[in-house]
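Enquirer: sequence and predicted structure below; questions after.
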Amino acid sequence: QLVESGGGSVQAGGSLTLSCAASGYTYRYNCMAWFRQAPGKEREGVAAISTGSSSTLYADSVKGRFTISQDNANNTVYLQMNSLKPEDTAMYYCAARMRWALSLDPRAFAKWGQGTQVTVS
């Protein structure tokens, strides 16, 4: 199970930190990622992290502003979002997959959380 938290409303230029707590067979998850979906748009990958090496991958639209990190002891992945823009407004989802390779393709992930809303005005 993946449970996201930390969403909310913030003014442009502000910051938010999202958390994704994993439970159950977490040892199976070798890649964790954050996705987002705005109304009327397709779900897009934001950032991914390898749970083993901590290697990361970012979408161009968030590079330099967002940081993905993990706390393996607590099976939690974070997304630190700085310099937020109105176009960052979306439902943010945490996802996990067993394969090691980093990916921002939503089709590559089978496990999903319920999402947390981020609104930037």
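Expert: It's in.

Enquirer: give me the below-cutoff pLDDT ranges for this protein.
Expert: Low-confidence segments of the chain (pLDDT under 70): 26-27.

Enquirer: try 50 this time
Expert: For the chain, no stretch is flagged by pLDDT under 50.

Enquirer: nearest residue to the middle of it?
Expert: residue 34 (2.0 Å; CA atoms, centre = their mean).

Enquirer: can you list contacts of stretch 32-40?
Expert: 18, 20, 22, 43-49, 51, 68, 70, 77, 79, 88-97, 102-104, 106, 109, 115, 118 (CB atoms under 8 Å, 6 or more residues apart in numbering). All C-beta spots, glycine's among them, are computed from the backbone N, C-alpha and C.

Enquirer: so of those, which ones are in strands?
Expert: Within the contacts of stretch 32-40, residues falling in strands by DSSP state E are 18, 20, 22, 44-49, 68, 70, 77, 79, 90-97, 118.

Enquirer: just the buried members of these?
Expert: 18, 20, 22, 44-49, 68, 70, 77, 79, 90-97, 118 (16 or more other CB atoms under 10 Å).
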